[in-house]
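# coordinates for the following, if possible.
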Amino acid sequence: MRKLYLVNEVGTPYFLDYKNNTIIETIDGLGYEFDIEYQDFADKFVENKRKLQQRVINVTLIFLEGYEGFTKWREYVTKSKELRLFYSADGLKYCYVNVQSTTKSQLEASVIRSAVRIECLSLWLIEKSNTINVTQSGEGKTYPYRFAYVYSISFNGMIIVSNECVKNVPLKIKITGNVLNPRVIIRQNGEVVSALRLLVDERENPVIEISSDPTDQYIRRTINGQVTDIYQDQDFSYDNFLYLPPGLSEIFFDPGVREPSTCEITYQEEYIAH
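Model (predicted):
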């Protein structure tokens, strides 16, 4: 069964169903549209540019609680600073949205009908997360990386992840625990495609976060609630801001110390339609 609901920046949901006594009567705009330019070659048209149009979803809502229900909707939308629209059908996806307008009709049979225009600010997204738990290894191993990666008895870990969309997606990385010049390495088909290395020596069990999102790029460390920008502590001979390519990848984490630590990998797959 299809379900739609909104979630704001603090995680408060607004369900478009009987949970909020707000029912969807009609909906349009869940598909996609390309703006395509062509060149004419002897009466044959060849595509030379393709751009995805911003998606607009038009919904007619019925507020079963009349004016009271409309007021609850208005307060939720106007007081929320960021909204995500979740759509559950053949899986759960979400996109960032703005509610541009909501009409208000007269009360009829104790309900109010409203035409709502929702502007989509992103493609449909699926957020995935994996955690690398380092384990002790007593066997000497050498991998043919671009960057020397040799260890004997050490703590290290590896996971296999899948990016099912058709483009590289930025990673968010969260390292928890003591580290010495930690590295995260992405391999495909036996080859290194990207890697990061930080030139830090941490002994106070910090949390280190790296975001490769081009609109929110950072490297920071948190110790006892104190957040510090450590952008300058990256090894600039590495990529450092990592993107996950389509398909299966191996992600290796080397904390550089013989102590337990974890490396959490988060990324968003993008889809033009649900």
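# next one: I36 from T222, what distance?
As judged by Cβ to Cβ, to the nearest Å, I36 and T222 stand 46 Å apart. Bear in mind the C-beta positions are built from the backbone N, C-alpha and C, glycine included.
# who has more neighbours, these two?
More neighbours surround T222 than the other of I36 and T222, with 14 against 11 (other Cβ atoms under 10 Å).
# tell me the pLDDT of the closest residue to that one other than its chain neighbours.
Nearest residue to T222, sequence neighbours excluded (Cβ to Cβ, 6 or more residues apart in numbering): V207, at 4.5 Å. pLDDT recorded at V207 is 98.
# with F241 instead?
97.
# could you do F41 as well?
At F41, pLDDT is 79.
# how many residues are close by it?
Counted with other Cβ under 10 Å, F41 comes out at 8.
# the nearest residue to T262 once chain neighbours are set aside and Q106, how far apart?
Residue nearest to T262 in three dimensions, not counting chain neighbours: T176, with 4.9 Å by Cβ to Cβ, 6+ apart. Separation of T176 from Q106 (Cβ to Cβ): 56 Å.
# how far does stretch 239-249 sit from its chain's centre?
In terms of Cα atoms, centre = their mean, to the nearest Å, the centre of stretch 239-249 is found 14 Å from the chain centre.
# over to stretch 111-128?
Counting by Cα atoms, centre = their mean, stretch 111-128 is centred 17 Å from the centre of its parent chain.
# mind listing the helices in the stretch 1-150 of the chain by residue range?
Using DSSP state H, counting those that start in this stretch, the helices found in the stretch 1-150 of the chain span residues 66-79.
# residue furthest from the geometric center of this protein?
Relative to the centre of the chain, the most outlying C-alpha is that of A42, 44.7 Å out, by Cα atoms, centre = their mean.
# and that residue, its phi and psi?
Main-chain torsions, A42, degrees, to the nearest 10: phi 50, psi 50.
# residues contacting I132?
157-159, 251-253, 262-265 (Cβ atoms under 8 Å, 6 or more residues apart in numbering).
# report the buried residues of stretch 218-237.
Residues of stretch 218-237 classed as buried: 219, 221, 230, 233-235 (neighbour count, 16 or more other Cβ atoms under 10 Å).
# picking that back up, what about T176 and Q106, which has more around it?
Using other Cβ under 10 Å, the more surrounded residue of T176 and Q106 is T176, with 18 against 6.
# same list (the buried residues of stretch 218-237) but as a markdown table, adding distance to Y87, pLDDT and secondary structure.
What follows is the buried residues of stretch 218-237, written out as a markdown table (distance: Cβ to Cβ, whole Å; pLDDT from 0 to 100; DSSP: H, G, I helix; E, B strand; the rest coil):
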| residue | distance to Y87 | pLDDT | secondary structure |
| --- | --- | --- | --- |
| I219 | 33 | 98 | strand |
| R221 | 37 | 98 | strand |
| I230 | 38 | 97 | coil |
| D233 | 40 | 97 | helix |
| Q234 | 37 | 97 | strand |
| D235 | 41 | 97 | coil |
